[in-house]
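**Q** no sequence for this one, just the structure:
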Ligand SMILES: Nc1ncnc2c1ncn2[C@@H]1O[C@H](COP(=O)(O)OP(=O)(O)OP(=O)(O)O)[C@@H](O)[C@H]1O
Ligand SMILES: O=C(CO)[C@H](O)[C@H](O)COP(=O)(O)O
């Protein structure tokens, strides 16, 4: 049910006895008594009113932002996230086969490439990349994400990656959870302010290169030179417009080459950091052994099989762009995924619903890239945290109308 916040009208504001705008919550078309307050004290009772009083409706839609460069694992993360909610995500039925949208029972994932204002030819003519803000319509992005958050359907444009053209729009309905993924979910402050939670996938250049080669060379037949050239061409705009968004993220998954093999730059064994901001509403960071302490842990031995170069976890408080954060790091990879339960049992605040849920999720998607290392583990954990955040937000919204009528 969408919930609407009702404010007093201008004429009531001008009444000297009422100094603060009053608020209450209504369902659409629901009649309810509206109470007015003066510094928390009930001062008037205006009887029954209806929707015309409503000036702002916010649906139950929780909005999550996922930022990353292209080819950095957003789709894989989305598949893990939607799986935590129990359903598979699919393109809109009967719509444009080249739609970028994915819909599951609870979640709709929209790709912000759909807000490219310049198509492929337009960008070429103007000499700008897709990462450049001038190639994107942030006004429309803001209006549509805001509308969806408020429970209203929108006609969202489609950027067609096959043709490089802007296709006719598709009707997008407000879901329970809206994920906006792409290059710029935290770039525009208005859009950023709509996010209930934000994530940045920070893939180091060395690893990005290794992944690109794996996908674009092995799977798409591109040459090594063209992959190198495309990464180099994107770099200045990536550094100017995409990378700075990580400072705003509530959680960052940073992927680096291992430190367990000196000089390694193959990008096969990874060191992955989960950077979690402290003090974010409805989000309490995961910790290892003891919250707030600095821990270094090598779990290899009788309970966890590790081949060379082994596995090392670290955990502790740090500062990230001036924010207090907790950082959990995993370097190395698992030999046997079923043994992950041993690691899981030493992690706290996971927001799992039962013992072993993280291990179960990882085993369920063992074929996804990153399932044997920190990328898969931390994406799964962030998925559980998002479910928990969603449940807390909806519970608090459901409690709000009751609180308002009790007063
Ligand atoms: N955790 C991982 N470990 C190893 N390789 C990975 C990982 N995540 C992604 N990759 C590699 O990167 C490729 C791109 O992943 P994915 O499709 O999830 O990224 P994306 O950000 O959605 O890409 P795009 O925006 O280009 O569609 C995968 O095909 C895989 O080769
Ligand atoms: O950075 C990207 C986000 O996915 C794409 O390169 C951008 O959307 C442009 O698309 P295309 O490569 O199809 O012209």
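**A** Cool, got the structure. Predicted, not measured: the structure shown is a model, and the values here were computed from it. Residues are numbered from 1 along each chain as shown. Ligands and ions are numbered 1, 2, ... in the order given.
**Q** could you chop this structure up by domain?
**A** Per automatic domain parsing, the structural domains of the chain span 2-58, 60-199, 250-392.
**Q** ligand 2: which of these is closest?
**A** domain 60-199 (3.5 Å; C-beta to the nearest ligand atom). The way it works is simple: take the backbone N, C-alpha and C, and place the C-beta from them, glycine included.
**Q** tell me if residue 260 really is in a helix.
**A** No: counting by DSSP: H, G, I helix; E, B strand; the rest coil, residue 260 is not part of a helix but coil.
**Q** and it, how far from residue 270?
**A** Residue 260 sits 10 Å away from residue 270, taking C-beta to C-beta, to the nearest Å as the criterion.
**Q** who has more neighbours out of these two?
**A** residue 270 (22 against 16; other C-beta atoms under 10 Å).
**Q** roughly how far apart are that one and residue 370?
**A** 8 Å.
**Q** which ones are touching residue 165?
**A** By C-beta atoms under 8 Å, 6 or more residues apart in numbering, the residues touching residue 165 are 119, 120.
**Q** against residue 312, how distant is it?
**A** From residue 165 to residue 312 the distance is 48 Å (C-beta to C-beta).
**Q** ok so, going back, can you lay out the domains of the chain as TSV showing mean pLDDT and distance to ligand 1?
**A** Formatted as TSV, these follow (pLDDT from 0 to 100; distance: least, C-beta to the nearest ligand atom, whole Å):
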stretch	mean pLDDT	distance to ligand 1
domain 2-58	41	29
domain 60-199	96	3
domain 250-392	96	2
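**Q** near ligand 2, which residues of the stretch 1-150 of the chain show up?
**A** 70, 113, 120, 130 (C-beta under 6 Å from any ligand atom).
**Q** count of neighbours near the closest residue to residue 332 other than its chain neighbours?
**A** For residue 332, ignoring the flanking residues on the chain, the nearest one in space by C-beta to C-beta, 6 or more residues apart in numbering is residue 311 at 3.7 Å. By the criterion of other C-beta under 10 Å, residue 311 has 23 neighbours.
**Q** hmm, residue 311 is touching residue 330, no?
**A** Yes: contact status for residue 311 versus residue 330: in contact at 6.9 Å, counting by C-beta atoms under 8 Å.
**Q** ok, back up a step: show me what contacts the residue nearest to residue 332?
**A** So residue 311 contacts 298, 299, 300, 304, 330, 331, 332, 333, 334 (C-beta under 8 Å, 6+ apart).
**Q** one more: residue 102?
**A** Here residue 102 is in contact with 78, 82, 89, 90, 91, 108, 109 (criterion: C-beta under 8 Å, 6+ apart).
**Q** strands - which of those land there?
**A** 108, 109 (DSSP state E).
**Q** between the contacts of residue 102, which sits nearest residue 396?
**A** Distance to residue 396 across these (C-beta to C-beta) is lowest for residue 108, with 21.8 Å.
**Q** for the residue nearest to the closest one when sequence neighbours are not counted, list the residues it contacts.
**A** In space, not counting the residues next to it along the chain, residue 108 is nearest to residue 175; the distance is 3.9 Å by C-beta to C-beta, 6+ apart. With contact taken as C-beta under 8 Å, 6+ apart, residue 175 is in contact with 61, 103, 106, 107, 108, 148.
**Q** helix, strand or coil for residue 175?
**A** Reduced to three states with three-state DSSP, the structure at residue 175 is coil.
**Q** how about the one 4 residues further on?
**A** Following three-state DSSP, residue 179 is assigned to strand.
**Q** re earlier: now do the shared contacts for residue 260 and residue 270.
**A** residue 331.
**Q** about what we covered before: would CSV of the contacts of residue 175 with neighbour count be doable?
**A** Shown next, in CSV, are these (neighbours: other C-beta atoms under 10 Å):
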residue, neighbour count
61, 24
103, 22
106, 17
107, 23
108, 22
148, 24
